[in-house]
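[1] generate coordinates for the sequence data below:
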Amino acid sequence: MTAITIAEEPPRQPPILRLLELSDAYAASLYPAESNHMVDVSALEMPTVSFFVARSDGEIVGCCALVEAGDGTAEIKRMFVDPEARGLKVGRRLLAAMEAKAERRGLTAIRLETGIHQPEAIGLYKSSGYVERPPFGSYLADPLSLFMEKRVG
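    Residues are numbered from 1 along each chain as shown. A predicted model of the protein is given here:
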């Protein structure tokens with residue numbers, strides 16, 4: 001039985017940088033550059049960011065960031081699970097950890113932008129209670145983007 005743990009950790013670790021590179025390559029294989037809204041590791045180190053790391057038997061297998069917007073909401077960024085760890089419900093566990101943190105922080109909603117060519121991610125978000133919404137923050141409407149939100153608290 002594989003033990004999956006989720007904890008807040010610093011993002012600047014070699015296995016996480018590898019996951020971010022895999023995430024970038026995956027997104028680049030699906031979407032043009034103007035439709036990719038990635039943030040780099042320095043943005044993940046900001047004080048408004050809670051960075052979550054999933055480990056399977058101690059090895060890093062997934063990550064995500066909860067970025068507080070300053071208006072009572074937060075955005076999910078850089079959610080990615082190592083392809084080798086798919087099927088272990090790592091994404092669902094990361095999502096639950098972010099939602100619990102948002103509730104503890106007194107936030108009202110979690111928002112996200114994902115691509116239309118990622119049915120697994122869309123399925124995870126929809127089955128977890130996220131609903132489609134218009135673009136938010138600095139995002140512009142993009143036919144390749146899907147914007148979602150879940151009320152918390």
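[2] is it fair to say G70 lies in a strand?
    No. With DSSP: H, G, I helix; E, B strand; the rest coil as the criterion, G70 is coil rather than part of a strand.
[3] which residue is the nearest non-sequential neighbour of it?
    T48 (7.1 Å; Cβ to Cβ, 6 or more residues apart in numbering). Any C-beta I mention is one placed from the backbone N, CA and C, and that applies to glycine too.
[4] contacting residues around the one you found?
    By Cβ atoms under 8 Å, 6 or more residues apart in numbering, T48 lies in contact with 67-68, 70.
[5] what about burial for those, which qualify?
    Among the contacts of T48, the ones that count as buried by 16 or more other Cβ atoms under 10 Å are 67-68.
[6] can you list the contacts of T48 in a markdown table and add distance to V81 and pLDDT?
    Formatted as a markdown table, these follow (distance: Cβ to Cβ, whole Å; pLDDT from 0 to 100):
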| residue | distance to V81 | pLDDT |
| --- | --- | --- |
| V67 | 19 | 98 |
| E68 | 23 | 97 |
| G70 | 28 | 96 |
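[7] closest to L112 among the contacts of T48?
    Of all the contacts of T48, L112 sits closest to V67, with 10.2 Å by Cβ to Cβ.
[8] for the closest one, give its distance to H117.
    Noted for V67: a distance of 23 Å to H117, by Cβ to Cβ, to the nearest Å.
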